[in-house]
Structure formats: C-alpha cells, structure tokens
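Student: Structure for this input, please:
(one chain, ligands or ions: 1)
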Amino acid sequence: MRCWLEVRRASLLMAMMTIFCVISANAQINESTSLAEIEFSRLSQRDPNPLGETALAIHPEQWKHGETEHFIYHFVHSYVATPVSAEAEFHYRVVAKELERDQPPGDVKSHIYIFESPDQWQQFQAFGKLEPWTGGIHSQGSLFIQRNPKYKFSGNLLGHEIVHLIVHRFYSDGIPCWLNEGLAQYISKAAFASYQRARGYIAKPHSEAIATADLIALPALTAMTFPPTDQVTTFYDESERLVRFLASTDKPGFLALLDTLGRHQPFEIALPRAYAGKFADPSVLEQKFREYAAKDFRTTLQQGDDL
Ligand SMILES: [Zn+2]
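Tutor: Next up, the predicted model:
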C-alpha cells in the first residue's frame, strides 16, 4: 500500500508534468521514438551538394537514411541519429520563433550526415572546412558531423551547427560571419538551457563576459569573413554578446538589420537605418557595447533566456 506522502508526491509530480506539458507545448522533444529508416531511393529529396555524395561514397554500404519534417539524415546507427533528429527539430522551432518567421517558401529540407568512425571522419575532413568552434562542417546548407557513440556529447555544439543550417534556409545568400556565429551561439545557448529544463534539469544560458582589453573593435569584427585563428574564443563570445545586445536593445530593429545584412549591405550603413535614434553611427554602438560586453550575466540574466 502506498503511503500518503507517496501519493502526495505522485500527484505533485503529475501536476508538475501538466505544467511542464503546457510550457513545452511549442518545444516538444521526442527522443523515445526511434528515427525510422527509409531506403535512399524513397527519400523525399536529394542533396545537390557534391560533398554529400562524397560522404556517402565512404563505405557506401554502411549508410542508412531517415527524415523528419525539416531535415533528412544520413547515419550508421539509428540510436545515434534519433537524438540528433530530436535536437534538430527542436532547434527549428526555436529559431523560427526567435526570427519570427515560418518556413521559408518551398519545402526544401536540410541534410545532416552523421559519421561515427573517427578514421572515416578524418578521411572526410580533407574535403571540407572544419568549423573551429564545433568541429563540424557546414557547407551549402548541409551539415557533416561526427558522433562517436563511445563518447557522450554535451553542450550546445550540435545546436550551434543546426542553427547555422536553419539560418541558411532563411538567408541562403549568406550573412556576415559575426552575425552567423553570434546567432548560432546566442540561440543554441538559450535553446540548450531550455532543452535541459525540458528534461528536468535546472539550467540557464550563460553568456561569456569579455575583458575590455580583449575586445575586437567592431569595424574589424563586422568585416571578418572567418573566425581569426589567434582570437577564436573572443570572436565567438563577442559575436554572441553583440547579437544579444542588438536583439535585446530593439528586437524589430535587430530583425530589420538581419534582413539588410542578408542582402549584403555594409554594416555601417545598415546599422543607423535599423536602429534610427539609438545608434546614429557605429561609434555610438561601440561605446555602449563595450560596457555591455564586460558584464557578467551569470547571475543577472533574467530576460531573454527563455526563447
Ligand atoms: Zn558556427
């Protein structure tokens, strides 16, 4: 027979589950259903990226395939691909909400290739450019990653790459490097914390403070086309902070800036237009951003951590 305390605990748990279900209605996670395998010939779409063909040519007999609403997966074991597919769709919803837009016109899906063998991954790396932050390869809207099932993966690294994939769908002509990396860090950190909370963990996104002396000046940061090898960490942290600052200062302004930079207009012209009255020129932004970048948000971050 169950004691009163157990009954109370069970009903409290039920109540909490109900609250959780309401909160996570827009962010459902489904890792319990294994990703169904589909014959390659029956996949709804092909990947025009030649790098995809190169990947599938490495031990072609090993590859299995599957798809969800927005992504197509190429993998070796479904137990490795299933959590990737859950995270990918979760991030899709988070990014669409953050950028306040739905599926771009058309129903093109992004392809994700999941290598398992370290040797095969090393062999494949010769064909693509590794992202220094995550070790994944993002090329023309397709993602190539390695997930060695012997190791447990944690953090926002996969989420970061998936944000790139989704941003590429909305801005297929490309956006500046700082904005792409900053968005990937900003959204994936918040999404990861939200993902952890949905599994019952207490988690808040952490944004790294940057010492004023280490800051890359904004004209240099916004002109970079690839993270600088000698300042990789600062580049990612500062880009994330800049996106966070611009988005929290004026969200409609930020979305307007994103659209303008997506059309390849120069930052110094796009900024005062999108933030009229706030940042008359980039030097005003630089001054305010320097103070913001040095703040430690570990304990003070309250808003903007729930996407
Ligand atoms: Zn990145």
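Student: near the ion, which residues of the stretch 51-200 of the chain?
Tutor: Counting by CB under 5 Å from the ion, the stretch 51-200 of the chain comes close to the ion at 131, 181, 184. For the C-beta atoms, the positions are set from N, CA and C on the backbone; glycine is no exception.
Student: So which of those belong to strands?
Tutor: Judged by DSSP state E, the subset of these located in strands is empty.
Student: From the ion, how far off is the residue nearest to residue 58 when sequence neighbours are not counted?
Tutor: Excluding the flanking residues, the one nearest residue 58 by CB to CB, 6 or more residues apart in numbering is residue 120, at 5.2 Å. According to CB to the ion, to the nearest Å, residue 120 stands 23 Å off from the ion.
Student: Next one, pLDDT for residue 120 please.
Tutor: Residue 120 is assigned 95 on the pLDDT scale.
Student: could I get the residues of the stretch 51-200 of the chain next to the ion as TSV with pLDDT and neighbour count?
Tutor: Below are those laid out as TSV (pLDDT from 0 to 100; neighbours: other CB atoms under 10 Å):
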residue	pLDDT	neighbour count
131	87	20
181	96	27
184	94	30
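Student: which one of those is nearest residue 274?
Tutor: If you rank these by distance to residue 274 using CB to CB, residue 181 comes first, at 19.4 Å.
Student: wait, the closest one sits on residue 237?
Tutor: No. Using CB atoms under 8 Å, residue 181 makes no contact with residue 237, being 10.0 Å away.
Student: picking up where we left off before, inside helices: which ones of the residues of the stretch 51-200 of the chain next to the ion?
Tutor: Residues of these located in helices (DSSP state H): 181, 184.
Student: Could I get the contacting residues of the residue in the stretch 1-150 of the chain that the ion sits nearest to?
Tutor: Closest contact between the stretch 1-150 of the chain and the ion, by CB to the ion, is at residue 131 (4.8 Å). Residue 131 sits next to 137, 138, 161 when contact means CB atoms under 8 Å, 6 or more residues apart in numbering.
Student: Can you tell me which of these end up in strands?
Tutor: Judged by DSSP E, strands contain the following of these: 137, 138.
Student: Any chance of JSON lines for the contacts of residue 131, columns neighbour count?
Tutor: Formatted as JSON lines, these follow (neighbours: other CB atoms under 10 Å):
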{"residue": "137", "neighbour count": "23"}
{"residue": "138", "neighbour count": "23"}
{"residue": "161", "neighbour count": "24"}
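Student: okay if I get the contacts of residue 131 as TSV plus pLDDT?
Tutor: Shown next, in TSV, are the contacts of residue 131 (pLDDT from 0 to 100):
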residue	pLDDT
137	93
138	91
161	92
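Student: can you redo the contacts of residue 131 as CSV with distance to residue 250?
Tutor: Listed next are the contacts of residue 131 as CSV, based on distance: CB to CB, whole Å:
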residue, distance to residue 250
137, 34
138, 29
161, 28
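Student: Tell me where the model's unsure across the stretch 51-200 of the chain.
Tutor: 102-106, 150-154 (pLDDT under 70).
Student: can you give me the helices for it?
Tutor: Using DSSP state H, counting those that start in this stretch, the helices of the stretch 51-200 of the chain run over 78-98, 118-125, 157-170, 177-198.
Student: nearest to residue 51, of the ones you listed?
Tutor: Closest approach to residue 51 among the helices of the stretch 51-200 of the chain is made by helix 118-125 (8.7 Å; CB to CB).
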